[in-house]
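Undergrad: My questions are about this predicted structure, shown below with the sequence.
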Amino acid sequence: MTNVTPTKKAKAGWLNILVDYGPVVVFFLVYRTYSPSDHNNAVGEIAAVVKSVAAFMVAAVAALIASRLLLGKISPLLWLSTALIVGFGGVTILLRDPFWIQVKPTAIYLMFGAVLLFGWWRGQAYLKVLLEAAFEGLSDLGWLKLSRNWGLFFLFLAVLNEVLRHFYNTANGGFGTWIALKLWVFMPLSFLFTFTQLPMLLRHGLMAEAEADVVADPPHE
């Protein structure tokens, strides 16, 4: 049996973060590069959105490939997320309407939340399938509670995205702010929520050595 060293685990953790959030960083940087200084310039604003969304789609597919090559797997969660980025991104570019890429997180959060809560209601921890993870020592009850909690948290994120989408969009010049909030609000919230789950997971058998595995790759949109 091959032992996984702490160094390898740390490397895998950083690779997971890069795969999960790298495309959003690309999205933000490309938009900032092409966004007109005058946000009343509707043509320039839409052009910046189209270019940044196209870059987001390419980066998402690249992250999918990187996950397979560097981590040796592509989780169902990553497959679904990438498919929705490409789908909603394609509609955004085709219609020249930023609404679609902004509503994409709401759609995926609602979908994941509904799936996880439906599984919890049936007594099945679908989160384990979505993450394709095996947290050492965690009991079935622990997985079930984690699925329920993430399901509720995803619904909260869906509502939060709708609120932010309403206040930050191309109509009021806040589209770049909305992208930035995906990095500086949604990502920290996801990690913070993950940390709040550790005591419950430890009570349900999670081995202390497996805490890093839980924190390294939290579910995301």
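TA: That came in fine, so what should we check first? It should be emphasised that the depicted structure is a prediction, and the values quoted were computed from it without experimental measurement. Numbering: from 1, shown residues only.
Undergrad: mind listing what G87 touches?
TA: For G87, the contact set (C-beta atoms under 8 Å, 6 or more residues apart in numbering) is empty. Yep, even glycine has a C-beta here, placed from its N, CA and C like the rest.
Undergrad: does it sit in a helix or strand, and which one?
TA: helix 76-95 (DSSP states H and E).
Undergrad: quick one: the helix or strand following that helix to helix 76-95, angle?
TA: The helix or strand immediately downstream of helix 76-95 is helix 99-121, counting by DSSP H and E. Counting by axes from the mean of the first three to the mean of the last three C-alpha atoms, to 10 degrees, helix 99-121 lies at 150 degrees to helix 76-95.
Undergrad: how about helix 99-121: buried residues?
TA: The neighbour-count check on helix 99-121 (16 or more other C-beta atoms under 10 Å) flags 100-110, 112-113, 115-117, 119-120 as buried.
Undergrad: same deal with stretch 78-87?
TA: Of the residues in stretch 78-87, those buried (16+ other C-beta under 10 Å) are 78, 80-82, 84-86.
Undergrad: Could you measure from V86 over to E45?
TA: 23 Å (C-beta to C-beta, to the nearest Å).
Undergrad: Apologies, that question was intended for V61.
TA: According to C-beta to C-beta, V61 stands 25 Å off from E45.
Undergrad: Looking at those two, which one has more neighbours?
TA: Legend: neighbour count by other C-beta atoms under 10 Å for V61 and E45, higher for E45 (22 against 14).
Undergrad: My read is that that one contacts P36, right?
TA: Yes: under the criterion of C-beta atoms under 8 Å, E45 makes contact with P36 at 6.2 Å.
Undergrad: still on that earlier bit, tell me the mean pLDDT for the helix holding G87?
TA: Averaged across helix 76-95, the pLDDT comes to 95.
Undergrad: now do stretch 124-136
TA: 81.
Undergrad: So G137: helix, strand or coil?
TA: coil (DSSP: H, G, I helix; E, B strand; the rest coil).
Undergrad: ok, it touching L206?
TA: Yes: G137 is within contact range of L206, at 5.4 Å (criterion: C-beta under 8 Å).
Undergrad: These two - which one has more neighbours?
TA: Shown here are G137 and L206; by other C-beta under 10 Å, L206 has more neighbours (24 against 15).
Undergrad: Which helix or strand contains the more buried one?
TA: Assigned by DSSP H and E, L206 falls within no helix or strand.
Undergrad: Please tell me I have it right and it contacts E136.
TA: Yes: between L206 and E136 there is a contact at 7.2 Å, judged by C-beta under 8 Å.
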